[in-house]
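In: quick one, what's the 3D model for this:
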Amino acid sequence: MLYDTTGSGGAMLGFKDYIINHLLEAKQTRIIIMGGPGSGKSTYSEYLIRHFGIKHIYPGGLLRKEIDKGGPEGMKIKKLLDQGKFAPNDVVLKLVKEALSEDDASKGYVLDGYPRYMQQVRDMEREGIAYDVVVYLEVSEEEVIKRLTKRGRKDDKPDIIRSRIALYEKETGPAIEHYRKKTGFISIKAEGKEPGDIAKDIIREIESEL
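Out: Numbers count the residues shown, from 1 in each chain. Now for the predicted structure:
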């Protein structure tokens, strides 16, 4: 404990300062990052985890890990994904909760691409999964098409990309609007500048909210 020997009541002030400093050190930085295909969610997540020293939680990665374990749950997930289907919400929620409970998430985390649907938003709220800020990456359709066609994948054709953007807006639009009405919502134009400069903008906005 911190004591002051001046006899002026400084012992209590010293202890109060100690508590405040301890709470600041223990404070988590909890970020949700949202954006459509080609918006750069994973790219900017990497900047954030390095800057804040927090954990990157990406449902796609969690599902792959579960598949790699080779158990019954992993086999069930693999079968669904191979059929072009999504893993059930309850399975994804379970994996996210497990990731959040691990020691390396104690300082905070970036939830990359989760939640995607309003049901997942409700799941998070029901389970008490908290966040400090939601970062929404805004990128024009034209820019997304330009970025994704550069990858040269078979399914990265302009018409297919437009369909994916439309599907994202239909599925995730309600979740984005839900968060937009709450405090801690940050909308960032994620194009027109170098990624490093956009990352600085994101970090500055996040720090102003914390």
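In: all strands for the protein, in order.
Out: For the chain, the strands defined by DSSP state E cover 29-35, 55-57, 108-112, 133-138, 185-189.
In: reformat the ones you listed as a markdown table; add mean neighbour count, distance to residue 153 and mean pLDDT.
Out: Glycine gets a C-beta too; all of them are placed from N, C-alpha and C. Output for the strands of the chain, formatted as a markdown table (neighbours: other Cβ atoms under 10 Å; distance: least, Cβ to Cβ, whole Å; pLDDT from 0 to 100):
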| stretch | mean neighbour count | distance to residue 153 | mean pLDDT |
| --- | --- | --- | --- |
| strand 29-35 | 24 | 19 | 97 |
| strand 55-57 | 20 | 23 | 96 |
| strand 108-112 | 24 | 20 | 96 |
| strand 133-138 | 21 | 21 | 97 |
| strand 185-189 | 17 | 26 | 97 |
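In: possible to save those strands as TSV with distance to residue 159?
Out: As requested, these are exported to TSV (distance: least, Cβ to Cβ, whole Å):
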stretch	distance to residue 159
strand 29-35	21
strand 55-57	32
strand 108-112	27
strand 133-138	22
strand 185-189	25
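In: need the contact list for residue 193.
Out: Shown in contact with residue 193 (Cβ atoms under 8 Å, 6 or more residues apart in numbering): residue 201.
In: and it, what are its phi and psi?
Out: Main-chain dihedrals, residue 193, degrees, to the nearest 10: phi -140, psi 170.
In: residue 143 versus that one, what's the distance?
Out: Between residue 193 and residue 143 the distance, using Cβ to Cβ, to the nearest Å, works out to 12 Å.
In: swap in residue 31?
Out: Distance, residue 31 to residue 143, by Cβ to Cβ: 23 Å.
In: what does residue 60 give?
Out: Counting by Cβ to Cβ, the gap from residue 60 to residue 143 is 22 Å.
In: also residue 103?
Out: From residue 103 to residue 143 the distance is 39 Å (Cβ to Cβ).
In: which of those two has more residues huddled nearby?
Out: For residue 103 versus residue 143, neighbours defined as other Cβ atoms under 10 Å are more numerous around residue 143 (15 against 7).
In: got the contact list for that one?
Out: Listed by Cβ under 8 Å, 6+ apart, the contact partners of residue 143 are 38, 191.
In: need the nearest residue in space to the residue nearest the centre of the chain, chain neighbours excluded.
Out: Closest to where the C-alpha atoms of the chain average out (Cα atoms, centre = their mean) is residue 111, at 2.4 Å. Leaving aside its sequence neighbours, residue 111 sits nearest to residue 32 (Cβ to Cβ, 6 or more residues apart in numbering; 4.7 Å).
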